[in-house]
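1. This is a predicted model, with the sequence first.
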Amino acid sequence: MALLSIVLPAYNEEQNIENTSRVLTGILEDNGIDYELVFISDGSRDDTFARIQAEAEKNPRIRGAEFSRNFGKEAGIFAGLEIAAGDAVIVMDCDLQHPPQVIPEMWEKWKNGAEIVEGIKSSRGRESIGYKLSAGLFYRIMSRLIKMDMKSSSDFKLLDRKVVDVLLELPERNTFFRALSFWTGFRTETVHYEVQERQFGKSRWSFWSLMKYAVFNATSFSTLPLQLVTVMGVISILFSLVLAVQTLVKFLMGNAVEGFTTVILLILIIGGFLMLSLGIIGHYIARIYEEVKGRPKYIISRVTENVQGNVAGVWHRKV
Ligand code: UDP
Ligand code: MG
């Protein structure tokens, strides 16, 4: 019988672990799906890992690991994929904002041959205006640069074992799960779902963290900003041609002493373009530097006992 793994990254989610486990196991057992739950506590500072351990003791199908510090949701997802043993793996948030009711539908599509089943958001749950605006801007920039519809895509996906193995083979450290699974290009089907209200606790995305996420993911999927530097250079050259003609004409007419304003403006404009260009190039160099160092994506400090039995040494392997 095929095994379904569910990967749940969790950061300070002590209030959610027990409830989420109960809801998920209920749905999976009702539908007769052979399952395991893999919780990854992302360096939580509350009792998240203790709760995971408690669940693992009650139900051997529940397993989990704890990071040595907060490495971010992406790292959590990849650690979960590494530990998961299933023939298909579903990645979802552990705050039940991704409704578990659609899992049986994803499972059916997988059984009928889909290799990736994408969860598509039909609506975003109730969110504050500020969050809506920043998320809106974020998705617009991302969709442009990555050339895929980011607005309705999410991290809620089912991946076939083949896809999981491909993702685990990728050497890059700065991953963007949502777009990477799309990039692998396997046979994809979709299910639609309504984003639910968060069960307990609150979201940890601020305006700035979203913007940072946007910049990092955009630059890891696109070199367009680098070409922007060339565009700025061309604009400066065109502009300087116009000014050169004007300056020469003035010189020939014998009144070349004026033009102090022009000089100041030129210095400011060119200076601005130069620094912006250096910033963009610097950002890419920084990303190259991070990749070249080759540090692991995450460090696992503890695992539940049932993990040690099954996939001993997962954190010694290439991560
Ligand atoms: N998460 C994580 N590491 C982090 C931040 C978040 O593993 O550094 C997890 C979190 O526990 C949740 C999921 O990622 O399961 C989505 O986070 P959140 O609900 O805060 O984001 P939102 O739903 O608002 O996008
Ligand atoms: Mg959430």
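-> Yep, it's here. Numbering: from 1, shown residues only. Ligands and ions are numbered 1, 2, ... in the order given.
2. Just give me the neighbour total for residue 270.
-> For residue 270, the neighbour count with other CB atoms under 10 Å is 14. Every residue, glycine included, has its C-beta placed from N, CA and C.
3. Oops, could you answer that again for residue 68 instead?
-> Neighbours of residue 68 (other CB under 10 Å): 12.
4. Show the backbone phi and psi for it.
-> Taking degrees, to the nearest 10, you get phi -70, psi -20 for the backbone angles of residue 68.
5. Please tell me I have it right and it contacts residue 79.
-> No - between residue 68 and residue 79 there is no contact under CB atoms under 8 Å: 11.5 Å.
6. who touches both of those two?
-> Counting by CB atoms under 8 Å, 6 or more residues apart in numbering, the common neighbours of residue 68 and residue 79 are residue 300.
7. Looks to me like residue 35 is in a helix.
-> No - going by DSSP: H, G, I helix; E, B strand; the rest coil, the assignment for residue 35 is strand, not a helix.
8. List the contacts of the closest residue to ligand 2 within the stretch 201-319 of the chain.
-> Among the residues of the stretch 201-319 of the chain, residue 203 lies nearest to ligand 2; the distance is 5.2 Å by CB to the ion. Neighbouring residues of residue 203 by CB under 8 Å, 6+ apart: residue 131.
9. show me the contacts for residue 128.
-> Residue 128 neighbours (CB under 8 Å, 6+ apart): none.
10. From ligand 2, how far off is it?
-> Between residue 128 and ligand 2 the distance is 14 Å, computed by CB to the ion, to the nearest Å.
11. For that residue, give me the pLDDT.
-> Residue 128 is assigned a predicted lDDT (pLDDT) of 71.
12. How much space separates it from residue 278?
-> 36 Å (CB to CB, to the nearest Å).
13. cool, residue 134 as well?
-> Residue 134 is 27 Å from residue 278, where distance means CB to CB.
14. who's more crowded, these two?
-> Using other CB under 10 Å, the more surrounded residue of residue 134 and residue 278 is residue 134, with 20 against 12.
15. Next, the buried residues of the host helix or strand of the more buried one.
-> Take DSSP states H and E as the rule and residue 134 turns out to sit in helix 129-146. For helix 129-146, the neighbour count (16 or more other CB atoms under 10 Å) marks 131, 134-135, 138-139, 141-142, 145-146 as buried.
16. With stretch 14-33 instead?
-> In stretch 14-33, counting by 16+ other CB under 10 Å, buried: 14-17, 20-21, 23-25, 27-28, 33.
17. will you turn these into JSON lines that also has pLDDT and secondary structure?
-> What follows is the buried residues of stretch 14-33, written out as JSON lines (pLDDT from 0 to 100; DSSP: H, G, I helix; E, B strand; the rest coil):
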{"residue": "14", "pLDDT": "90", "secondary structure": "helix"}
{"residue": "15", "pLDDT": "91", "secondary structure": "helix"}
{"residue": "16", "pLDDT": "91", "secondary structure": "helix"}
{"residue": "17", "pLDDT": "93", "secondary structure": "helix"}
{"residue": "20", "pLDDT": "94", "secondary structure": "helix"}
{"residue": "21", "pLDDT": "95", "secondary structure": "helix"}
{"residue": "23", "pLDDT": "94", "secondary structure": "helix"}
{"residue": "24", "pLDDT": "94", "secondary structure": "helix"}
{"residue": "25", "pLDDT": "95", "secondary structure": "helix"}
{"residue": "27", "pLDDT": "94", "secondary structure": "helix"}
{"residue": "28", "pLDDT": "94", "secondary structure": "helix"}
{"residue": "33", "pLDDT": "92", "secondary structure": "coil"}
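18. In CSV, list these along with distance to ligand 2.
-> Output for the buried residues of stretch 14-33, formatted as CSV (distance: CB to the ion, whole Å):
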residue, distance to ligand 2
14, 15
15, 13
16, 10
17, 14
20, 12
21, 17
23, 15
24, 16
25, 20
27, 19
28, 21
33, 24
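19. All set now, cheers.
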